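>>> Compute the structure for the input listed below.
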Amino acid sequence: MTEPPHHAEMLRPPIAHAMRTLDRSFFKKSIPCSAARILDNKQIFPCRSELLKSKDLFELERMSPVIADPDVEMAKLGRKCLLLRPGIEVDDPATHSPTLKALTSGNTISLLPYTLHLTYDYWDYHDIISAILPPSTTEIPSGFSIIGHIAHLNLRSQHTPYKTLIGAILIDKNPSVTTVINKIDDVGAENAFRTFSYEVLAGEDNLNVEVKEEECFFEFDYSKVYWNPRLHGEHKRLVGSFEEGEAVCDLMAGVGPFAIPAGKKKCFVWANDLNPDSFEALEQARKRNKVGDFVRTFNEDASTFASDATKRLWEGRDEREVHVYKKQNRADKKPPTILKTYREPRLFTHFVMNLPASALTFLPSFIGLYSSTGIPKGEKLPLIHVYCFSTKSDDNVAEETSICEEISRQLGYERKTGKVEEGGVEIHDVRDVAPKKRMFCATFRLPEEVAYRVV
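This is a model prediction of the structure:
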């Protein structure tokens with residue numbers, strides 16, 4: 001028996017380096033091979049298993065080796081064939097494995113020639129775009145984000161001549177995507193709301209999306225607010241550190257990826273964002289996800305909100321009490337049974353500052369936070385979770401030192417890396433943002449000297 005040929009090359013789509021307008025009909029290929037006609041459909045699975053073990057099956061991604069019989073009349077009767085790898089010749093026993101010979105001689109299968117026709121629909125995005133981009137291209141533009149029905153790209157200059165092709169192929173190969181956009185400036189370059197300029201590469205210019213994260217739904221105009229699906233894990237991690245019944249102050253809440261899940265967890269959340277569009281989406285998410293008993297929304301400046309919210313909470317101006325009731329049938333006319341009552345604490349346990357480009361510069365807002373609001377010493381001080389950008393290295397030691405130095409400078413009080421409960425700063429590596437840029441979350445307990453400093 002001859003060795004099976006290497007199939008990778010024959011399965012690649014035709015090369016189309018000169019293509020500038022997508023021609024789907026160009027991408028087709030015919031591959032001569034053989035098929036094993038199953039004489040009894042009950043034998044399809046056993047034959048498939050045996051031919052898989054003997055490496056006689058033609059295994060393709062995105063295509064089953066079980067095919068309809070090429071004879072139209074046989075196909076009408078429901079007869080099936082198994083696709084055999086190229087190199088197996090119907091009339092050349094030397095190309096037949098012992099398994100293939102045994103199944104043929106036992107009248108379980110019969111062999112017939114077959115031509116496999118592959119079209120544009122068979123190949124995926126990576127296959128097609130690889131066939132179009134020139135060999136000099138150093139990488140395939142595959143690092144896109146999907147936000148609702150939008151695919152969001154950050155194309156490099158070498159890819160811009162092919163951008164409309166890239167957009168069209170992305171829509172073809174991702175059924176949920178109907179709009180493809182390319183970012184044309186840095187997030188927040190034009191304003192402080194972390195929005196960006198974009199161009200539509202394919203589909204309609206409609207950036208009103210609905211996304212789901214941690215069983216919470218959010219609706220917003222992606223051109224007017226900030227959302228990053230790659231931060232899902234970080235949202236889950238931080239909310240996972242909150243305890244139900246705690247009070248959380250989210251100073252730069254955006255559309256609520258921390259605030260809304262925290263509210264579902266029965267945390268009392270004060271969620272604030274300066275961007276009026278983010279505030280509108282945040283308020284909508286609060287209502288849609290039915291967390292209004294636990295989440296309040298605000299549209300204020302974060303630099304003063306920490307102090308104002310802390311004072312209001314401490315003074316109990318808007319004290320909240322939430323009852324959780326036992327579920328009952330609609331026909332039950334008795335008053336519902338209260339299972340648990342949550343009373344809003346007088347102090348925040350957590351402050352979240354997710355504006356990594358500038359959040360560290362808001363830390364002076366915490367200087368004198370407790371002395372200015374009349375909170376006596378002895379109360380437990382809150383945890384600060386502040387996001388920031390830094391350079392990247394293999395061990396992050398230099399970056400962590402740099403972040404702690406900046407925190408110390410902003411607070412006027414020295415902070416070093418270490419365990420939070422030992423007075424240190426714990427720095428969590430969130431994600432790579434660019435080749436030399438990384439996002440971190442620094443968590444520390446607000447020092448008493450800072451909280452009670454007289455200013």
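>>> any chance you could map the helices in the stretch 1-150 of the chain?
All helices of the stretch 1-150 of the chain, identified by DSSP state H, counting those that start in this stretch, fall at 44-53, 72-76, 98-105, 125-132.
>>> on contacts alone, who are the packing partners of the shortest one?
For helix 72-76, not one helix or strand is in contact under the criterion 3 or more C-beta pairs under 8 Å, 6 or more residues apart in numbering; DSSP states H and E. (C-beta placed from N, C-alpha, C; glycine too.)
>>> list the buried ones in that helix?
Along helix 72-76, not one residue counts as buried under the neighbour rule (16 or more other C-beta atoms under 10 Å).
>>> Out of the helices of the stretch 1-150 of the chain, the one nearest Arg12 is which?
Arg12 lies closest, by C-beta to C-beta, to one member of the helices of the stretch 1-150 of the chain: helix 125-132, at 6.9 Å.
>>> re the thing from before, to Thr417, which of the helices of the stretch 1-150 of the chain lies closest?
Taking the helices of the stretch 1-150 of the chain one by one with C-beta to C-beta, helix 125-132 is closest: 40.7 Å.
>>> How far away from the center of its chain is the closest one?
On the basis of C-alpha atoms, centre = their mean, to the nearest Å, helix 125-132 sits 23 Å off its chain's mean C-alpha point.
>>> In terms of secondary structure, what does that helix contact?
helix 163-173.
>>> so after the helix it packs on, what's the next helix or strand?
Downstream of helix 163-173, the first helix or strand assigned by DSSP states H and E is strand 179-183.
>>> and that next one with helix 163-173, angle?
Counting by axes from the mean of the first three to the mean of the last three C-alpha atoms, to 10 degrees, strand 179-183 lies at 140 degrees to helix 163-173.
>>> Centre of the chain to the helix or strand bottoming out on mean pLDDT in the chain, how far?
Across the helices and strands of the chain, mean confidence by mean pLDDT, DSSP states H and E is lowest for strand 321-325: a mean of 90. Mean-position distance between strand 321-325 and its chain equals 34 Å (C-alpha atoms, centre = their mean).
>>> Select, out of the helices of the stretch 1-150 of the chain, the one closest to Lys333.
helix 44-53 (57.8 Å).
>>> Show me how far that closest one is from its chain's centre.
Here the centre of helix 44-53 is set off from its chain's centre by 38 Å, with C-alpha atoms, centre = their mean.
>>> tell me which strands and helices it is in contact with?
strand 28-38, strand 80-84, helix 98-105.
>>> For the second one, list the C-alpha coordinates in CSV.
It stands for strand 80-84. The C-alpha coordinates for strand 80-84 follow below in CSV (Å, rounded to 0.1, in the frame of the first residue of the first chain):
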residue,chain,number,x,y,z
LYS,A,80,-24.5,6.9,1.6
CYS,A,81,-20.8,6.8,0.8
LEU,A,82,-17.7,7.5,2.8
LEU,A,83,-15.2,9.9,1.3
LEU,A,84,-11.7,8.2,1.0
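>>> State the distance from Ile367 to Asp91.
Separation of Ile367 from Asp91 (C-beta to C-beta, to the nearest Å): 88 Å.
>>> Arg12 now?
Taking C-beta to C-beta, one finds Arg12 at 28 Å from Asp91.
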